[in-house]
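Trainee: need a 3D model of the sequence below.
(one chain, ligands or ions: 1)
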Amino acid sequence: MIEQAISIAFWLSSLLTVIIVALPSQYIPQSARGDNRKEKVTAQILVLGDIGRSPRMQYHALSIARHGGHVEIIGYHGKQLAVFSFLGGRDIITMLTPAVFLESDPHPEITSNANISVVPLPPHPAILQTNNKFLFLALGPLKVLFQIASLWLCLAYRTRPAKYLLVQNPPSIPSLALSSIVCYLRQTRLIIDWHNFGYSILALKLGNQHPLVVISRWYEKFFCGGAFAHFCVTNAMARILKDEFGITGSPIFPLHDRPARHFKPVLDEEERTQFLQSLPESTAHGAELANGDIRVLVSSTSWTSDEDFSVLIDALCRYSKIASAENPALPKILAIITGKGPQKEMYLNEISNREHAGKLQKVTIKTAWLSTLDYAKLLGCASLGVSLHTSSSGVDLPMKVVDMFGAGLPVVGWNRFEAWPELVTEGTNGRGFGSAEELTSHLTDLFGNPAKLEILRKGAQKESLRRWDQEWDPVAGRLLQLV
Ligand SMILES: *[C@@H]1O[C@H](CO)[C@@H](O)[C@H](O)[C@H]1NC(C)=O
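Mentor: Residues are numbered from 1 along each chain as shown. Alright, predicted model coming up:
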């Protein structure tokens, strides 16, 4: 009896020793080590996704590095995205990460910056990859475990303890939980960067009442509780975090997205025409572009079910009808739609049906896949941008509109969500619509009255002067004690 007790006690204490020895090392402030120089800021940035496709997290990294902080950015490289399958089903993968179709490497400024190191998360071992449906379900849990384990190792052991951990949300599972635990163990300050809510994206597909959605909401609410601070993309989102998530113990800072540096207005008329004439999508309209008989309209999409593209197609058909009959003075439209995604084929069929039915006589619709720089230039050269982004939570904002403003391009966009006015000032730099009819009337009004479009263009150009640093330095820079 006594022997058994001693043996159990022995094993328990050994286990405890192992756990204590294996605990991740803690962050110890410089001053606690008797070093009185100005504290060097260290931060980890976690992106549970493709680093290259997360401009905002890259900007955070660049801003911290520019002020002399040291950053470790943790995430996947473009071609490893199969990892999102942890919830099962291809549909959910696409839903969580519409950007899954746009692979890319981290920005060269990141990889070449001496103050930033990239810590890649390992992709699934090939053995967990399968096309067999039954095996897929069986291997699902293994993938989850693999991801949890690799994330844990990375956060707790592969990286040195840092003063801050900035985690992107969503995706929230399992990153939010693991980050909270690691931060607790390492005495690291957790900062959550809210781009949206994981549960509201899930609810788009499953409905608000679905148990997974309810659990996911509870999970986000629970694990955000211990954070040191929160950033979020809109004031409306800050309000929800405060009122509905009940965050009161830690500060919440709205930090609006700003365009990357390569988005800028193209002011020279000749340069605009030349660039448009050189694009394969518009080169057939060279003469019309030169004499202004055709206007270029741009939209970008990831062709997923959360953007109803038929609204734009409908509006263009209506425009074509009006421009052919009632108001022949209206210019033609060349609509260039960029992006890749699952529903592209379906919409291409719809477009070609309408063309064959003669419904698009004054409109040409082209789809394109452009390099980052060409896309930025196209935005700078076009006449009007269109956004069909519908917000899952009502409080996130479309990055494409931010980029359009960066290029000085006025925007008409779907405006039936709460945060829209935080981005677009009606009649100053853009206009909102809630139906194909409304969109048509904006198109006829703006293309029929160049002076009205010019007012919006001036507004958008003014908007393009607002950049990330101005947004970041006074808020995040101060919080991290970098400025
Ligand atoms: C890196 O940090 C140093 C200060 O430690 C700073 O002077 C330098 O400008 C930073 N470099 C970059 C590329 O941000």
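Trainee: partner residues bridging the closest residue to residue 121 other than its chain neighbours?
Mentor: Using C-beta to C-beta, 6 or more residues apart in numbering and skipping the chain neighbours, the partner closest in space to residue 121 is residue 76 (5.3 Å). In this view, the C-beta of every residue, glycine as well, is placed from N, C-alpha and C. Residue 76 has these beta-bridge partners by DSSP bridges: residue 50.
Trainee: show the backbone phi and psi for residue 152.
Mentor: The phi/psi pair for residue 152 (degrees, to the nearest 10) reads phi -60, psi -50.
Trainee: then residue 428?
Mentor: Backbone torsions of residue 428, given as degrees, to the nearest 10, read phi -100, psi -50.
Trainee: pull the contacting residues for it.
Mentor: By C-beta atoms under 8 Å, 6 or more residues apart in numbering, the residues touching residue 428 are 455-456, 459.
Trainee: closest one to the ligand out of those residues, please.
Mentor: Nearest to the ligand among the contacts of residue 428 is residue 459, at 33.2 Å by C-beta to the nearest ligand atom.
Trainee: can you pull out the helices in the stretch 201-350 of the chain?
Mentor: Secondary structure of the stretch 201-350 of the chain (DSSP state H, counting those that start in this stretch): helices located at 211-223, 235-243, 269-278, 286-291, 310-324, 344-356.
Trainee: which elements pack onto the shortest one?
Mentor: When contacts are defined as 3 or more C-beta pairs under 8 Å, 6 or more residues apart in numbering; DSSP states H and E, helix 286-291 sits against helix 269-278.
Trainee: cutoff 10 Å now
Mentor: With contacts taken as 3 or more C-beta pairs under 10 Å, 6 or more residues apart in numbering; DSSP states H and E, helix 286-291 sits against helix 269-278, strand 294-300, strand 332-338.
Trainee: now tabulate the ones you listed in CSV and tack on mean pLDDT, mean neighbour count and distance to residue 200.
Mentor: As requested, those are exported to CSV (pLDDT from 0 to 100; neighbours: other C-beta atoms under 10 Å; distance: least, C-beta to C-beta, whole Å):
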stretch, mean pLDDT, mean neighbour count, distance to residue 200
helix 269-278, 92, 15, 38
strand 294-300, 95, 23, 22
strand 332-338, 95, 22, 26
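Trainee: want to throw these into TSV with distance to the ligand?
Mentor: TSV is the format used below for those (distance: least, C-beta to the nearest ligand atom, whole Å):
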stretch	distance to the ligand
helix 269-278	31
strand 294-300	30
strand 332-338	31
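Trainee: and of the helices of the stretch 201-350 of the chain, who's closest to residue 477?
Mentor: Distance to residue 477, taken as C-beta to C-beta, is lowest for helix 235-243 among the helices of the stretch 201-350 of the chain, at 18.4 Å.
Trainee: which residues sit against the closest one?
Mentor: Residues outside helix 235-243 that contact it (C-beta atoms under 10 Å, 6 or more residues apart in numbering) are 192, 194-197, 200, 221, 224, 230-232, 234, 247-248, 250-256, 391, 393-397, 417-422.
Trainee: quick check: PyMOL command selecting the buried ones in these.
Mentor: A single PyMOL command is used to select the members of the contacts of helix 235-243 judged buried by 16 or more other C-beta atoms under 10 Å:
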select buried, resi 192+194+195+196+197+200+221+224+230+231+232+234+247+250+252+253+254+255+256+391+393+394+395+396+397+417+418+419+420+422
